[in-house]
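Enquirer: kindly return the folded structure for what I paste below:
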Amino acid sequence: MPVNITDFLEEKSDKIRKKDLKKAINLKQVFISINQHLYGKLKYTDTDTRARSKQIVNLLLCKLVDEISKKPEEEVEFC
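Expert: Numbering: from 1, shown residues only. Below you'll find the predicted structure:
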């Protein structure tokens, strides 16, 4: 059985565990950044503030459900 160099490499997990999460320092700036990103992505389809707000609320709800339903040792999906 041939030996590959990848057999000796440690696999790094890009996943984040719930216990590794940190509180955001400035949530207002985070929301402004998300809003600007969505504005850029939706500028040719729907630039309505209400549409962007719905997307932000959907993201927040997904993140909340993910964090509430996971144990501290489990990996979170929305981070």
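Enquirer: for L61, see how far away the nearest residue to K15 once chain neighbours are set aside is.
Expert: Of all residues not flanking K15 in the chain, E75 sits nearest, at 4.0 Å (Cβ to Cβ, 6 or more residues apart in numbering). Yep, even glycine has a C-beta here, placed from its N, CA and C like the rest. For E75, the distance to L61 (Cβ to Cβ, to the nearest Å) stands at 19 Å.
Enquirer: give me the neighbour count for the residue nearest to K15.
Expert: 14 (other Cβ atoms under 10 Å).
Enquirer: quick one, helices of this protein?
Expert: With DSSP state H, the ranges of helices along the chain come out as 27-42, 49-69.
Enquirer: closest to I16 out of these?
Expert: Distance to I16, taken as Cβ to Cβ, is lowest for helix 49-69 among those, at 10.8 Å.
Enquirer: figure out how far that closest one is from the centre of its chain.
Expert: 11 Å (Cα atoms, centre = their mean, to the nearest Å).
Enquirer: go on, stretch 21-40?
Expert: The mean C-alpha position of stretch 21-40 is separated from the chain mean by 11 Å, Cα atoms, centre = their mean.
Enquirer: buried residues in that stretch?
Expert: L38 (16 or more other Cβ atoms under 10 Å).
Enquirer: related to what we said a few turns ago, right, so of the helices of the chain, which gets closest to K15?
Expert: helix 49-69 (12.1 Å).
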